[in-house]
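Asks: Here is a sequence together with a model predicted from it:
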Amino acid sequence: MCMQRTQYGISRCPHYDYCDYVHQYQECNIRIYTHAHLLLERTMLDEDLPAIVIIDEDFTNNLVEHIEVPFSLLSHVEAIPEFRDAIRAIMNWAITKDHVVLIQEFQKQGGAWSELADKLKKLRPTITPGDSDQIVHNSLSKHQNVRPVATLLSHLDRVLSRGLMPTAIDIDPSKLTVHHRHEITRFGNLAQGNGSVRFYITDATISETIIRQCLPVDSVEVVAAQRNAIVMQCSDSICSTSSLDPTRHTDPQMQGRATTRLADVQALLDELASTGLKILAVGPSAITGNPAKNAAPKLTTAPNVHLAHFGAIRGIDTWKNCDVLVLIGRNEPTAQSVEDIARALFYDDPNPLKLTGKWQSRTAGFDMVSGEQLGVEIWGHEDPRVHEVLVQVREAESIQALDRLRLIHNIDPKLVIVLSKLPLPGVKVDRLLPWAELTRGGEFELLYRNSGGVLPLNASWIAQKTGKTTSAAKKAVQRMLMKGHSPLRFSQWKMSPLKQPQLAWYRPVGQRNWSRFFHDYPTTEDAKTPLEALLGVAVKVKP
């Protein structure tokens, strides 16, 4: 509308020279693109490449499409003479599955199926301004959407012109399913020297491997931001959705286990909610609900607890003022669904994907604040490119949940509780705790809660209360003190639901040896009376 080429030259809108919309394109070296705009071709207003391109959030998911092409639609296009040979070659391949013959037929026809695709996209029903409503209605009702066939032609052109096999197309009795990656062409091929553009992508989890498939870049530099959070993570449970959802089981014993696990999560949320602070809980929609699908959550929440589900959290700024994140489980689709995404992204890669249809065990390490080398067995994929896609779907979704709290802006650290043993790349972990201890508190915390805010670290007393041997109780106390931990799992977080415990000394009257004890009283002397009541003997105390 602003400018177009005609047989007489370039035609411009009469308001062109004074239009603010047009002026924004002139000598503009920095451009911010929406995801939808990336797929558009450059227009005459946008012919020059910008020096800097800014893209907010990972856009690669928007390039992936799984397109169904019914054979009936192929037959419809085959009836158009201009497309007959190409469509017949495709339909014959769908029957024989002979890749070599398809490549030979493509070459015999001179290739250029992408040009056929462009022509197919331009097919429109024949309508003129003077047509009656009935004629217009009839024309539109008879018109079929042939864009799926156009995409199929473009997909095959890119593959066959490189001598590759079309491995990203599924053949079923009634249709073809194309796992396709739409091309970003507006920036040309920068890797071959067709310009110099710097891309700035503001996303915490984007993959360099996948970016190289989607953008014409020759080098990638990552600038990492530091999160300000205290991260507590589960050490012994992957926390699958089925382990929390009793309705997914028929066996009463499994239902009982899931009910108990769900109650653990509920208890944790209730404890945190009692602080009055804002809590965000993110998990699978089967647990946290999905309002868009009228799916109710399996958790009951106080007004200060917000629920969200995987797949609907990216880019949302609503929860930036929350103080605590509880991350429930992880987002792990089936191996086949992840492979299909990888097939779309890497359909034109000269090195075929190794598609096994299953996960395999691998070791992943935690990024511990203490520097400890700790790892765990998780599921991964044999092909590193498929595994990279899995990380984007699984680990990255959890990291995106963390970043809803905007952890790079807060002055005081916020609390992040990860209820899964899945290590998250780049997320520093302060403490790893078993499921039971993380959700409801460990033995020391339960003793502390039930002992009036005092906890003597005497091995014999602890052994008597917990059923441990004296030796085991002594080792547990030494381990806690050596690591600088307190009996409260959230004690590092200044907004802990309980008061911060203090460490002091005591000894029973008449004994010479001093022992340590925790208390939450204003002074050590204030803790003396409840400690004596707990032990049943008179004691002396000192800070």
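Replies: The structure has been received and is ready for your questions. Residues are numbered from 1 along each chain as shown.

Asks: For Phe310, give its distance to Val220.
Replies: From Phe310 over to Val220 the distance is 27 Å, taken as CB to CB, to the nearest Å. The C-beta positions use only the backbone N, C-alpha and C, and glycine is treated the same way.

Asks: of these two, who's got more company?
Replies: Phe310 (26 against 14; other CB atoms under 10 Å).

Asks: wait, isn't that one in contact with Pro333?
Replies: No - using CB atoms under 8 Å, Phe310 makes no contact with Pro333, being 10.1 Å away.

Asks: State the distance spanning the first to the last residue of stretch 42-59.
Replies: 18 Å (CA to CA, to the nearest Å).

Asks: ok now that stretch, how far from the chain's centre?
Replies: 26 Å (CA atoms, centre = their mean, to the nearest Å).

Asks: What segments of the stretch 201-350 of the chain are strands?
Replies: With DSSP state E, counting those that start in this stretch, the ranges of strands along the stretch 201-350 of the chain come out as 229-234, 279-283, 305-309, 324-328.

Asks: My read is that Ala344 contacts Thr167, right?
Replies: No - when contacts are counted by CB under 8 Å, Ala344 is not listed as touching Thr167 (11.1 Å).

Asks: hmm, back to that, select, out of the strands of the stretch 201-350 of the chain, the one closest to Gly110.
Replies: strand 305-309 (50.2 Å; CB to CB).

Asks: Check which helices and strands that closest one sits against.
Replies: Under the contact criterion of 3 or more CB pairs under 8 Å, 6 or more residues apart in numbering; DSSP states H and E, strand 305-309 touches helix 252-273, strand 279-283, helix 285-288.

Asks: Name every strand pairing with it and say which way it goes.
Replies: Paired neighbours of strand 305-309 in the sheet (DSSP bridges): strand 279-283 (parallel).

Asks: which residues touch the strand it pairs with?
Replies: Contact partners of strand 279-283, identified using CB atoms under 8 Å, 6 or more residues apart in numbering, comprise 269, 272-273, 288, 299, 301, 304-310, 313, 319, 322-329, 401, 404-405, 419.

Asks: still on that earlier bit, Ala344 and Thr167 - which one has more neighbours?
Replies: Neighbour comparison, Ala344 and Thr167: the larger count goes to Ala344, with 22 against 16 (by other CB under 10 Å).

Asks: Could you name the specific helix or strand carrying the nearest residue to the more buried one once chain neighbours are set aside?
Replies: Distance criterion CB to CB, 6 or more residues apart in numbering; nearest residue to Ala344, sequence neighbours excluded, is His179 at 4.0 Å. His179 belongs to strand 175-181 when elements are defined using DSSP states H and E.

Asks: can you check Leu355 too?
Replies: Assigned by DSSP H and E, Leu355 belongs to no helix or strand.

Asks: Correct me if wrong: it contacts Arg343.
Replies: Yes - the pair Leu355 / Arg343 is scored as a contact, 7.4 Å apart, by CB under 8 Å.

Asks: These two: who's more crowded?
Replies: Using other CB under 10 Å, the more surrounded residue of Leu355 and Arg343 is Arg343, with 26 against 17.
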